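3D model of this:
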Amino acid sequence: TIKVSDKNAIIVKFKLDNDFSWRKQLEQVDANTPNEQRLSTLFLEKLNQDRAFLFTTTSVMWGSQNLKGIIQDYLNNVAFNGTIGLELLKIIILRNLREQNFKSNEVKESTFKDETLDQYIDQHYNDISLAQAAKYFGFNRNYFSTMVKEKTGKSFVEHVDERRMKEARRLLAKPNISLKEIIETIGYSSKSFFYKKFKHYYGMTPAEMRKRLFREAHINLK
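Below you'll find the model as predicted:
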C-alpha cells in the first residue's frame, strides 16, 4: 500500500513483459565503483522486498518531466516509444538512486552510533528482528546488516545473542525463576537452541552456570 498525502499526485503503473527482469537490465549497466554496485544492489533488494520503489519528486524535476514524456509517447503511439521509454525509465531510476537514496544512507550511516544500537537492543532483545531494527533506523534490511557488521565487527544477530546471554546469566542467579521461564523471557522459542547458544557463549550449560552462581551467592536450595 502506498499512502499519498498530495491529492494532486499521480501514480503510474507500468506493465512490462512477463519475462522482463530489472536484474538483467541493471546487469547491462556498467557499475564500476563500489558505490555504483551498491546502488544497483540497493534498488534490486528494495524491489524484491517491497515489490515497489518509491521516489519523492516534484512535477518540475527531471525525472517527473521524463515520465510525462514516456506516458505521452505511449498515448500518442509514437514510433519506438516502448524501447525509448524503457531506456528513459532505467535512467530515471539510476538518477534518483544517485541523488536521493545514496545520499540519504550516507547521512544516516554517519550519524549511526554503536551506543544507539545497544540501547535499541536493550529495549527489544526479547522480541526483535533484523527487519524491524533496519526499519527503525531507516535503512534497507541488507544494507543495515552489512553496516552493523562493518562498524561494530559483529553481526546484528551476534549483538542480540550477546544481550540475551547476559540477561540469561542475570536471571539464572535468581532461584525463583525456572529455566523455561528464562528461555521465554529472553526471546528464544527453542530450548535446545538456547542451550547450544549458551554453551557456546559461556563454555558451560545453564544448569552448571546456575550452580556456580548459587555457590558464589551462598544460596543453598537443599
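
could you dump stretch 211-221 to CSV, C-alpha only?
What follows is stretch 211-221, C-alpha atoms only, in CSV (Å, rounded to 0.1, in the frame of the first residue of the first chain):
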residue,chain,number,x,y,z
LYS,A,211,25.0,-23.9,40.3
ARG,A,212,28.1,-21.8,40.2
LEU,A,213,26.1,-18.6,40.7
PHE,A,214,24.3,-20.1,43.6
ARG,A,215,27.5,-21.2,45.2
GLU,A,216,29.1,-17.8,44.8
ALA,A,217,26.0,-16.2,46.3
HIS,A,218,25.9,-18.8,49.1
ILE,A,219,22.4,-19.9,48.1
ASN,A,220,21.6,-23.4,49.2
LEU,A,221,18.4,-24.9,47.9
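
residues of it that come out buried?
Within stretch 211-221, the residues that qualify as buried are residue 213, counting by 16 or more other CB atoms under 10 Å. For glycine as for every other residue, the C-beta is placed from the backbone atoms N, C-alpha and C.

Averaged pLDDT, that stretch. What do you get?
The pLDDT scores in stretch 211-221 average 85.

Could you do stretch 140-151 as well?
Averaging pLDDT along stretch 140-151 yields 88.

contacts for it?
Stretch 140-151 is contacted by residues 38, 41-42, 45-46, 49, 105, 109, 112, 114, 117, 130-131, 133-134, 137, 139, 154-156, 159 when judged by CB atoms under 8 Å, 6 or more residues apart in numbering.

again, but for stretch 129-137
By CB under 8 Å, 6+ apart, stretch 129-137 touches 108, 112, 116-117, 120-121, 124, 140-141, 143-145, 156-157.

Mind checking which of those residues land in helices?
The helices, defined by DSSP state H, take in 108, 116, 117, 120, 121, 124, 141, 143, 144, 145, 156, 157 from the contacts of stretch 129-137.

could you flag which of those are buried?
Under a neighbour-count criterion of 16+ other CB under 10 Å, the subset of these counted as buried comprises 117, 120, 121, 124, 141, 143, 144, 145, 156.

show me the contacts for the last one.
Applying CB under 8 Å, 6+ apart, one finds that residue 156 lies in contact with 130, 133, 144, 145, 148, 149.

next one: residue 119
With the criterion set at CB under 8 Å, 6+ apart, residue 119 makes contact with nothing.

Now do the helix or strand harbouring residue 214: which elements does it pack against?
Secondary structure assigned from DSSP states H and E places residue 214 in helix 206-216. For helix 206-216, the packing partners by 3 or more CB pairs under 8 Å, 6 or more residues apart in numbering; DSSP states H and E come out as helix 156-172, helix 179-186, helix 191-202.

Can you dump the C-alpha atoms of the second one in PDB for me?
Put plainly, it is helix 179-186. As requested, C-alpha coordinates have been extracted for helix 179-186 and formatted as PDB (Å, rounded to 0.1, in the frame of the first residue of the first chain):
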ATOM      1  CA  LEU A 179      14.900 -22.300  33.200                       C
ATOM      2  CA  LYS A 180      11.800 -22.500  31.000                       C
ATOM      3  CA  GLU A 181      10.700 -19.000  32.100                       C
ATOM      4  CA  ILE A 182      14.200 -17.600  31.400                       C
ATOM      5  CA  ILE A 183      14.200 -19.000  27.900                       C
ATOM      6  CA  GLU A 184      10.800 -17.400  27.100                       C
ATOM      7  CA  THR A 185      11.700 -14.200  28.800                       C
ATOM      8  CA  ILE A 186      14.800 -13.500  26.800                       C
END
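
I'm done for today, thanks for sticking with me.
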